[in-house]
Structure formats: structure tokens, C-alpha cells
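A.B. asks: Build the 3D model from these lines:
(one chain, ligands or ions: 1)
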Amino acid sequence: MTKKTKYIQGPLLSKINSPDDLRLLKKNQLSELATELRQYIIDVVSEKGGHLGASLGVVELTIALHYAFNTPEDQLVWDVGHQAYGHKILTGRKDIFPTNRIYQGLSGFPKRSESVFDTFGVGHSSTSISAALGMSIASQSNGDNDKQHIAVIGDGSMTAGIAFEALNHAGAENTNLLVILNDNCMSIDPAVGALKEYLTDISTSHVYNKAKNRIWRILGKINKLGPNAQGIAKKVEGVIKSTLLGESNYFESLNFRYFGPIDGHDTKHLVDVLNDLKNIPGPKILHCLTVKGKGYTPAEDGDTTRWHAPGLFNKDTGEIIKSEKKKTTPKYQDVFGDTIVELANKNDQIVGVTPAMLSGSSLNKMMKELPKRTFDVGIAEQHAVTFSAGMATQGKIPFCNIYSTFMQRAYDQVIHDVAIQNLNVVFCLDRGGLVGADGATHHGAFDIAFFRCIPNMIVSAPMNEKELRNLMYTAQLPNQGPFSIRYPRGNGVMLDWKTPFEEIAIGTGEKIKDGEQIAILSIGHPGNFVISAQKQFLKEGLHIAHYNMRFVKPLDEKMLHKIFSKFDKIITIEDGCLLGGFGSSILEFIARNNYNIAVKMLGIPDEFIQHGTQEQLHNYCHYDEKAIIKAVHSIVETTSVSQVG
Ligand SMILES: Cc1ncc(C[n+]2csc(CCOP(=O)(O)OP(=O)(O)O)c2C)c(N)n1
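C.D. replies: From the prediction side, this is the model:
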């Protein structure tokens, strides 16, 4: 049954509840459907938020894929998945699409538990070819030789090591694998690197494009030839290899059959081509040229990076709506961006490194002022870390800014290339903690736990803007070794934060407030939740001490001994996983020193936290202001500590 939503679905879209319905349409109706689908995405995203440019860019491709292939039997894998809104809408989630990225609503990314059409859970980039190859080899081994496996990957995502690894493997396997290269010349920021240059060359080459048309003319005949198609395909391959591309085509050299580039917005042609490719065995790549933001003028012609995930906007004027509760405090990422420029202007050994998150991390500020010392290395976290390590061996002080969640990709590089050699690389881990609407794939839940067990690594988290600034200053002082500074998504708490730099002694915390009954030890931004909760405690006559630890490693042992000689009831709070995190480090200290202390730990429980606003998720995980108050009350009640009036 179709639920009514206030978002208008055009006459074709309103009848489509699954790809089976889509396949009932005539080929010449598909471009009209594309218009309706595009409008529906714009209507919903303008009011609910989410990723926009990428989904608009693959509307025709999405329709053509579901039209030509027998999904969900054929396995369609989206890379990253931020472009899969059209896919969600066409695969039975049209009416609930307005719940996209909202607490308990649809996930913003494909997710296996959400739909059989979501063949592989994504969020982090560049996994699609590996996953689709795994599926295709497994299908072959299961005797399912007709099943098709399609990976749709962007040119940005193609820059990651894992994508190259998968191509290398796939080229040596003879399975039904089709890689669709969705080339829009953009990552979030403009695409970077030699592959981008190569793809541009191949797309604009006059000789090549003329030759390409010949290939498609031959391919056009394949369908009609049925069982003999393979022979023709081989001929086509021969033609491509010997006369048109030579051996120089990168994908061909990896034993892929390369087709394209073709217009990724011509639905009818896409359908024809995809149908033809079904009959060609082995690993194939179809290079599609698309435009990010296609069909929505502000996104297509405007600042493509801004329209990657624009937030709410007025769909008629294209005006991006600023949050109503206008925050005057800066975002942590901007404190990082401004501070790195300031530090780099004082210390010419500082360089900035980002794996494709130039705008997201605000390192674009440094790129603008000091482009020769700022490196966007593509979606390549492993490389970003080892590249930074190499720079550090030559006396540079790299500030390698990686979102906490994407740092998971580069763990071995942190240990093997940086920490063992005790190199002075500063890891700025943005988006540490629960990030909100991006959900389980993007939360920065684990970095405290996975960094604190690495020898030589300094693990710190500022409670506010000023502390972030001073930790960055401290980290670039000589011979600090590997130094990590993690901070959350969103705004800080200070208006006046651009104060003169001060060194923070490594492994020192600070007492924020003295108290009598219970001490709360916080790390990072959640210390501010404690400060808010103190107002309530004050009203109730509860004197709760609060210490901002600043460092998880090394811990401020001197301060901890003082605390534990006074308090036997402790609450720890962190915006990270409880298992192995900051609270755990306090428990270990207590055990090592034979203290008899009752500890209540607040933080992220041992589960993957879904999406919602940060506030909803802090509440769900019980470490917001309310949860702190509740935790204090429960300790006060269970230990019958009399309230001090
Ligand atoms: C491992 C990893 N690093 C960074 C990101 C952040 N990210 C999301 S989309 C994106 C750009 C992807 O570019 P492309 O594949 O070309 O897709 P497009 O958005 O252009 O369609 C990036 C860097 C990510 N999802 N995963």
C-alpha cells in the first residue's frame, strides 16, 4: 500500500514500488522517470538534508541499471553509497525516503539489513570492486554462472589503494564482474592525482572518441547475435586493444575489457550498452561521464563541493538555509583550519596532509594560503599516513588530518611507519565521537581505544577550542614523536578562543571544579556536558568534582593519585567506545595501584550506534547532561551519601 507523503511523486514514479515495476515501462519513458526521480530527491533532500550532488549525478545510471539488470538477483554494489538515494527510492523505500538519515529512519547509505537490494553495506569508499568480485567468485563457485555483479564506483573512490588492489585481482579472474566508473571529475573537492589526468585525457581525446563510436556500432550487433555474441565480443576486444587503445589503456593492461567513455545521462543508450555488456564474459569496465548535481542548476553550475551535502536549502532559489539556532562559537574543524595556518606561518617545517577531506577538515584554509605545503592525496588514508611519515624523516612536521572513522583504514601505517620509528607526525582526528546522521559507518567511536595501545603515541583530546589550539601548538614543538589530537564534529563552546599559544605539558590534566562526594573525570568535549550538569548539582547542593584529563596517554598519574586519595566514587565520561577507551585506562590505573574505587563509565556501549542527531545519540548512549545527572544521582542514592546543603 502506498503511504501518502507530502512530497509529490510524478505519474511514473508514483507507480514504481520495485524494479519489477520499473521494468514494465517502455525504454522511451525512462528519461521522463529520471526527471521525476530527480525532482523527488531534490524535494526531500532540500527539507531533510543529506547528500545531494552525487545522487543527482547518477539518476539515469540508477534507472538504467535496475532496468537492464535483474536486481536483486543480480548484485549491484554502490561505492560509498552517498549516491544511492535514487536506488533506495526505486527499490521499495520511496514513501519512507523522507526519513532518510533521521533517527530510526532510513540509513543514508545502503545497508544489508534495510533491503535485499542493498547487497553490501557501505559508507567508507572504494570497497565496491572487492565486494563485487568476492560475490562474483562465490557465485561462480556456487554454479551460478548467469548472475551479474556490478560495482558502481566514482572517480574519486577509484583513487584508493583497495580499489587498485581489487582491479589487480579481478583482472586475473574470469568472472561476471562489471565495474561502472562514474566519472564526474569530482571527489568531495575536485578530484586529484594522476588517475584524474588520465581519465580526463581518455575522455577528451578526439581520436579515441571517434574510435569509440566504431566500437559501439560493432557492439550494437552483439545482442542480435545471441550465442555467437562472445565471438564478436572477442573481436571487439581485439579491435579496441590493437587498433584503438593499444596496450596503453590502463584498465586494459589489467586485463579488464574497457568500454566508454559514454554519456552517463543518456538513459536509453545506457540501457542498450548495459544489455550488451551482459553478454560479454569476464571483468569489464564501463566508463560513464556524469555531472555531479545534474539537473539542479544551483548544484550543477554552482560550488559543487558545497552541494555535495548542502544541508537544508530552498529548492526554488537554491539558497542554503543557515541553521536557525545560529551558533556563534566556531566549529572545531575551523579552529583546526585557522590554527594550522597560524602555526605554519611561524614554523616553516609544518605541512598539512589530508586524504580527500580538504573542505571537511578545513585544511582548505591552508591550501589557500600555503598551497605548496598542503597536500590532498586523494582518498588514500594509508598513503596519507606513510607519506607523512616519510616527510617526518626529513624534518618536516606533518599535521595529518584524518577523520577518526577513516583512520581505521590506516592503522598499520600508524603503528609500523610512524610509531615504531617514533616519528613526529601529528594526527588530527576530526569527527571523534558520534557524528550524527551519517551513522554507524562514520562514528568516530574507536580511535581512543585503538590509539592508546600503541607505544610512543600521545593521545589527547581538547575540551574546547583554546585547548585544541594549544595542543596543536604543543604537538609541533621539537621531538614530540607521534602525537594525536582528537576532536568532535560540530561547534565548540568559546567565543574568545584566539588567545596567545601556550604549551600544555604532556600528560597533564586540570581540575575544573573541586568537590566532596564524587569526582567526574572527562576527556575531550563531553567535559562541557559535565559543566552544564553542574548547574543542576549546585541547585541540589551536590558538590561534584570535575577533572578535565586532556590526555588519555600518558595519563596524569600525579593528579589521579591525588583524586583517588580523596574520592572513592568516580564517573568517567568520553565520546568514544567504553571497551578499551579512556574509562578503561582509568580502571587499569586503579588496578595497577590497588585503589578501591567505585567507577561508573559513561561512553559508547559495545554496539554499532545508528544514525540520528548527535544529541539523540548522546542521549541513547547515556552520556549527555541528563545521563550525567542520572549517574550522579544513582551513586548518591545507592551509597546513601547525605546531601551537603
Ligand atoms: C575511506 C573514506 N574516506 C573518505 C570518505 C569521504 N568521502 C565520501 S564521498 C567522497 C568523495 C567520493 O568521490 P567519488 O567516488 O568520485 O564520488 P562522487 O561524490 O563524485 O559521486 C569522500 C572523500 C569516505 N566515504 N571513505
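
A.B. asks: what about the residue of the stretch 501-645 of the chain found nearest the ligand, neighbour count?
C.D. replies: For the stretch 501-645 of the chain and the ligand, the shortest gap (CB to the nearest ligand atom) falls at residue 611, measuring 14.5 Å. (C-beta placed from N, C-alpha, C; glycine too.) The tally of other residues near residue 611 (other CB atoms under 10 Å) stands at 26.

A.B. asks: wait, doesn't it sit right on residue 436?
C.D. replies: Yes: applying CB atoms under 8 Å as the test, residue 611 and residue 436 come out as touching, 7.0 Å apart.

A.B. asks: Contact partners for the nearest residue to residue 552 once chain neighbours are set aside?
C.D. replies: Spatially, and ignoring its direct neighbours in sequence, residue 552 is nearest to residue 459 (4.3 Å; CB to CB, 6 or more residues apart in numbering). Contacts here follow CB atoms under 8 Å, 6 or more residues apart in numbering; on that basis residue 459 touches 448, 451-452, 484, 486, 551-553.

A.B. asks: Please narrow those residues to those residing in strands.
C.D. replies: Counting by DSSP state E, the contacts of residue 459 place 484, 486, 551-553 in strands.

A.B. asks: circling back: now rank the contacts of residue 459 by neighbours and give me the top one.
C.D. replies: Result: residue 448 is most packed of the contacts of residue 459 (other CB under 10 Å), 32 neighbours.

A.B. asks: Next one: that residue from residue 82, what distance?
C.D. replies: 27 Å (CB to CB, to the nearest Å).

A.B. asks: Tell me which residue in the stretch 301-450 of the chain sits closest to the ligand.
C.D. replies: Counting by CB to the nearest ligand atom, the stretch 301-450 of the chain gets nearest the ligand through residue 356, at 3.9 Å.

A.B. asks: in terms of contact, does that residue touch residue 189 like I think?
C.D. replies: Yes: here residue 356 lies in contact with residue 189, judged by CB under 8 Å, at a distance of 7.1 Å.

A.B. asks: Between these two, point out the one with more neighbours.
C.D. replies: Comparing residue 356 with residue 189 by other CB under 10 Å, the one with more neighbours is residue 356, at 27 against 20.

A.B. asks: Give me the secondary structure label for the more buried one.
C.D. replies: Secondary structure state of residue 356, per DSSP: H, G, I helix; E, B strand; the rest coil, is coil.

A.B. asks: residues contacting the closest residue to it other than its chain neighbours?
C.D. replies: Closest residue in space to residue 356, ignoring its immediate chain neighbours: residue 379 at 4.4 Å, by CB to CB, 6+ apart. Going by CB under 8 Å, 6+ apart, residue 379 touches 125-126, 156-157, 159-160, 187, 355-356.

A.B. asks: host element of residue 379?
C.D. replies: Taking DSSP states H and E as the definition, one finds residue 379 inside no helix or strand.

A.B. asks: for the one 4 residues further on, same thing?
C.D. replies: Using DSSP H and E, residue 383 falls within helix 381-393.

A.B. asks: For that helix, give me every contacting residue.
C.D. replies: Taking CB under 8 Å, 6+ apart as the rule, helix 381-393 contacts 161, 351, 353-355, 375, 377, 398, 400, 402, 406-407, 409-410, 412-414, 417-418, 421, 423-425.

A.B. asks: Give me the subset of these that lies in helices.
C.D. replies: In this view, the contacts of helix 381-393 that belong to helices under DSSP state H are 161, 406-407, 412.

A.B. asks: now, which of the residues you listed lie close to the ligand?
C.D. replies: By CB under 6 Å from any ligand atom, the members of these lying near the ligand are residue 406.

A.B. asks: Out of the ones in helices among the contacts of helix 381-393, who's the most crowded?
C.D. replies: Greatest neighbour count in these, by other CB under 10 Å, goes to residue 407: 29 neighbours.

A.B. asks: Test my guess that that residue contacts residue 414.
C.D. replies: Yes: counting by CB under 8 Å, residue 407 touches residue 414, with 7.4 Å between them.

A.B. asks: distance between the ends of stretch 121-132?
C.D. replies: Taking CA to CA, to the nearest Å, stretch 121-132 runs 12 Å from one end to the other.

A.B. asks: ok, now stretch 444-456?
C.D. replies: Stretch 444-456: ends 22 Å apart by CA to CA.

A.B. asks: Check which residues of it are buried.
C.D. replies: Of all the residues in stretch 444-456, those buried under the rule 16 or more other CB atoms under 10 Å are 444-452, 454.

A.B. asks: and stretch 617-629, how far from the chain's centre?
C.D. replies: 25 Å (CA atoms, centre = their mean, to the nearest Å).

A.B. asks: buried sites along that stretch?
C.D. replies: In stretch 617-629, counting by 16+ other CB under 10 Å, buried: 617-625, 627-629.

A.B. asks: Residues of the stretch 1-150 of the chain that sit close to the ligand?
C.D. replies: 54, 57, 80, 82-83, 124-125.

A.B. asks: In CSV, list the C-alpha atoms belonging to the helix holding residue 383.
C.D. replies: Extracted C-alpha coordinates of helix 381-393, given in CSV (Å, rounded to 0.1, in the frame of the first residue of the first chain):
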residue,chain,number,x,y,z
GLU,A,381,44.3,7.2,4.2
GLN,A,382,47.1,4.6,4.3
HIS,A,383,49.2,6.6,1.9
ALA,A,384,48.5,9.8,3.8
VAL,A,385,50.0,8.4,6.9
THR,A,386,53.1,6.8,5.4
PHE,A,387,53.6,9.9,3.2
SER,A,388,53.5,11.9,6.4
ALA,A,389,56.0,9.5,8.0
GLY,A,390,58.3,9.9,5.0
MET,A,391,58.1,13.7,5.4
ALA,A,392,58.8,13.5,9.1
THR,A,393,62.1,11.6,8.4
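
A.B. asks: and it, which residues are buried?
C.D. replies: Buried residues in helix 381-393, counted by 16+ other CB under 10 Å: 381-389, 391-392.

A.B. asks: Mind picking the one among those that's closest to residue 490?
C.D. replies: Checking these against residue 490 by CB to CB gives residue 381 as the nearest, at 22.1 Å.

A.B. asks: Ignoring the adjacent residues along the chain, who's closest to the residue of the stretch 501-645 of the chain closest to the ligand?
C.D. replies: residue 439 (3.2 Å).

A.B. asks: Next: residue 257.
C.D. replies: Residue nearest to residue 257 in three dimensions, not counting chain neighbours: residue 284, with 4.6 Å by CB to CB, 6+ apart.

A.B. asks: got the residues of the chain near the ligand?
C.D. replies: Contact residues, the chain versus the ligand (CB under 6 Å from any ligand atom): 54, 57, 80, 82-83, 124-125, 154-157, 182, 184, 186-188, 292, 356, 379, 406, 409.

A.B. asks: at 5 Å what do you get?
C.D. replies: Within reach of the ligand by CB under 5 Å from any ligand atom, the chain has these residues: 54, 80, 124-125, 154-157, 184, 186-188, 356, 379, 406.

A.B. asks: could you give me the average pLDDT of the longest strand seen in the chain?
C.D. replies: If each strand of the chain is counted by residues according to DSSP E, the longest one is strand 569-577. The pLDDT scores in strand 569-577 average 98.

A.B. asks: give me every residue that touches residue 320.
C.D. replies: 306, 310-313.

A.B. asks: With residue 114 instead?
C.D. replies: 93, 106-107 are the contacts of residue 114 under CB under 8 Å, 6+ apart.
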